[in-house]
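>>> give me a 3D structure for the following:
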Amino acid sequence: MSDEEAAGQRLMLELRARDAWNQRDYEGAQRLAEELAAAALQAHDELGWWHATFLVSECLRKQGKMQESLVTAEMLGKHPLTEGSKALRAKVSTLASLALQGTGNLALAVAAARQGVEDAMGSNEDVNLEIDARHALVAALADSDQLEAAWQECLVLVDLLPLQPASKYVGQSYWTIGNVAFLLGRVAEGVEYHQLAAENLSPTNDLDLWARFNRASASLRLAAGAVGPETLECIERAELASSIVGGTQRDRMELKLTRAEWLVLTGQFDAAVDQLTDIIQRKHLLASHMAAQAHLLLGQALSARGSRTEALGNFRVSEGLFLQSGAKDRASAAHALIRGIQEVPS
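Below is the predicted model:
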């Protein structure tokens with residue numbers, strides 16, 4: 001095969017991989033990206049190999065294979081091309097942060113995202129690199145209960161977003177900013193930024209993203225104590241979209257967890273116990289801080305039903321998992337519930 005023919009074959013593989021990605025066929029995109037990486041390596045095309053391998057890592061993350069995605073990202077981080085380019089370092093650090101969040105390693109996720117922001121700011125190549133890195137940093141800080149630090153990063157994002165009004169990251173970034181506002185009890189601002197997110201996200205363009213946005217919006221509304229019709233509508237939109245696109249097992253479990261939280265907060269404890277028991281039986285699919293939330297909610301539902309011993313066991317597991325994740329404030333909340341049960345006479 002001539003060099004021109006080999007280059008044409010690699011281009012075709014790249015187009016097919018990107019098409020599979022756009023169709024949300026992440027397993028197929030991964031296989032094609034791996035084939036492309038092997039072909040690029042054979043052709044001594046280091047940059048082509050780098051981009052193909054980066055796509056492999058992204059596909060693994062999209063399939064919920066967070067540890068495998070992280071291993072691939074870390075391998076890329078040690079490559080000479082990455083070490084010689086702040087832009088490539090920013091991309092790898094951001095990807096690693098997202099994978100670390102997915103495994104529940106929140107302290108490391110924050111550190112990786114901060115490195116991504118630093119390298120993105122130093123690259124001066126594309127403001128989207130900084131938007132993406134700050135988006136990951138805000139999410140990692142919020143998940144690890146560093147809410148004031150997350151809000152300060154949100155304010156920087158608010159200034160950056162108008163610089164790229166057509167960017168694919170705008171909707172997702174407003175979504176993240178709204179999340180932090182809700183967590184801080186800034187409910188009006190949370191609603192405002194989630195409305196901006198909804199205006200910049202489209203179920204027509206990306207139904208999977210639309211499903212995840214509505215689930216996250218519902219989850220944050222619940223965290224703020226908002227259990228009204230608008231919250232239920234978010235859950236139902238997410239469930240409908242998820243039933244169409246399928247999504248990963250992790251996505252479906254996280255959506256079930258959101259529905260379970262709504263059941264707990266609306267006093268439907270029997271239904272909540274059934275739902276949460278099923279989730280916990282498959283908690284290995286969830287990040288550790290999400291599994292902790294499932295145990296916390298089950299403890300609350302069981303306590304409301306008068307099953308104090310079972311509730312106490314779940315609160316203890318929840319506290320341990322939150323501590324393991326680095327979510328100290330939520331671990332403290334679980335510990336307070338433990339003490340509340342222990343201090344009440346039998």
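
>>> got any ranges where the stretch 201-346 of the chain has weak pLDDT?
Within the stretch 201-346 of the chain, the stretches with pLDDT under 70 are 345-346.

>>> cool, the stretch 51-200 of the chain as well?
165-168.

>>> one more time with 80, if that's ok
For the stretch 51-200 of the chain, applying pLDDT under 80 flags the ranges 124-125, 163-169.

>>> in it, which spans are helices?
For the stretch 51-200 of the chain, the helices defined by DSSP state H, counting those that start in this stretch occupy 66-77, 80-83, 86-103, 106-123, 127-143, 147-160, 170-183, 187-200.

>>> what about dumping the CA coordinates of the second one to PDB?
What follows is helix 80-83 as a C-alpha-only set of coordinates in PDB (Å, rounded to 0.1, in the frame of the first residue of the first chain):
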ATOM      1  CA  PRO A  80       6.700  13.600  24.700                       C
ATOM      2  CA  LEU A  81       4.100  15.400  22.600                       C
ATOM      3  CA  THR A  82       2.000  16.100  25.700                       C
ATOM      4  CA  GLU A  83       5.000  17.300  27.700                       C
END
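
>>> list the buried residues of it.
Neighbour counts using 16 or more other C-beta atoms under 10 Å place T82 of helix 80-83 among the buried residues. To be clear about C-beta, it is placed using only N, CA and C from the backbone, and glycine gets the same treatment.

>>> ok now that helix, how far from the chain's centre?
Averaging C-alpha positions (C-alpha atoms, centre = their mean, to the nearest Å) puts helix 80-83 27 Å from its chain's average.

>>> and that helix, what other elements does it pack with?
helix 46-62, helix 86-103 (3 or more C-beta pairs under 8 Å, 6 or more residues apart in numbering; DSSP states H and E).

>>> among those helices, which is nearest T309?
helix 86-103 (31.3 Å; C-beta to C-beta).

>>> show me what the closest one is packed up against.
So helix 86-103, by 3+ C-beta pairs under 8 Å, 6+ apart, packs with helix 46-62, helix 66-77, helix 80-83, helix 106-123, helix 127-143.

>>> at 10 Å what do you get?
Of the remaining helices and strands, those touching helix 86-103 by 3 or more C-beta pairs under 10 Å, 6 or more residues apart in numbering; DSSP states H and E are helix 46-62, helix 66-77, helix 80-83, helix 106-123, helix 127-143, helix 288-304.

>>> now the first one against helix 86-103, angle please.
Looking back up the chat, that one is helix 46-62. 20 degrees (axes from the mean of the first three to the mean of the last three C-alpha atoms, to 10 degrees).

>>> what's the answer for the fourth one, then?
Here the directions of helix 106-123 and helix 86-103 differ by 160 degrees (the same axes, to 10 degrees).

>>> show me what counts as buried in helix 106-123.
106, 108-120, 123.

>>> quick one: list the elements packing against that helix.
When contacts are defined as 3+ C-beta pairs under 10 Å, 6+ apart, helix 106-123 packs onto helix 66-77, helix 86-103, helix 127-143, helix 147-160, helix 308-325.

>>> nearest to Q293, of the helices of the stretch 51-200 of the chain?
Closest of these to Q293 is helix 127-143, at 10.8 Å (criterion: C-beta to C-beta).

>>> just the C-alphas of that closest one, formatted as CSV.
Taking C-alpha atoms only, helix 127-143 is exported to CSV below (Å, rounded to 0.1, in the frame of the first residue of the first chain):
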residue,chain,number,x,y,z
VAL,A,127,-10.5,29.8,25.1
ASN,A,128,-12.6,26.6,24.9
LEU,A,129,-9.7,24.7,26.5
GLU,A,130,-10.0,27.0,29.5
ILE,A,131,-13.8,26.8,29.5
ASP,A,132,-13.6,23.0,29.5
ALA,A,133,-10.9,22.8,32.2
ARG,A,134,-12.8,25.3,34.5
HIS,A,135,-16.0,23.3,33.9
ALA,A,136,-14.3,20.2,35.2
LEU,A,137,-12.8,22.1,38.1
VAL,A,138,-16.1,23.5,39.2
ALA,A,139,-17.7,20.0,39.1
ALA,A,140,-14.8,18.5,41.1
LEU,A,141,-14.9,21.2,43.7
ALA,A,142,-18.7,21.0,44.0
ASP,A,143,-18.6,17.2,44.4
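
>>> how far off centre is it?
Its chain's C-alpha centre and that of helix 127-143 lie 11 Å apart, by C-alpha atoms, centre = their mean.

>>> next, the angle from it to helix 106-123.
160 degrees.

>>> what helices or strands is helix 127-143 leaning on?
For helix 127-143, the packing partners by 3+ C-beta pairs under 10 Å, 6+ apart come out as helix 86-103, helix 106-123, helix 147-160, helix 170-183.

>>> just put these in CSV and tack on distance to Q195.
Listed next are those as CSV, based on distance: least, C-beta to C-beta, whole Å:
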stretch, distance to Q195
helix 86-103, 25
helix 106-123, 26
helix 147-160, 14
helix 170-183, 8
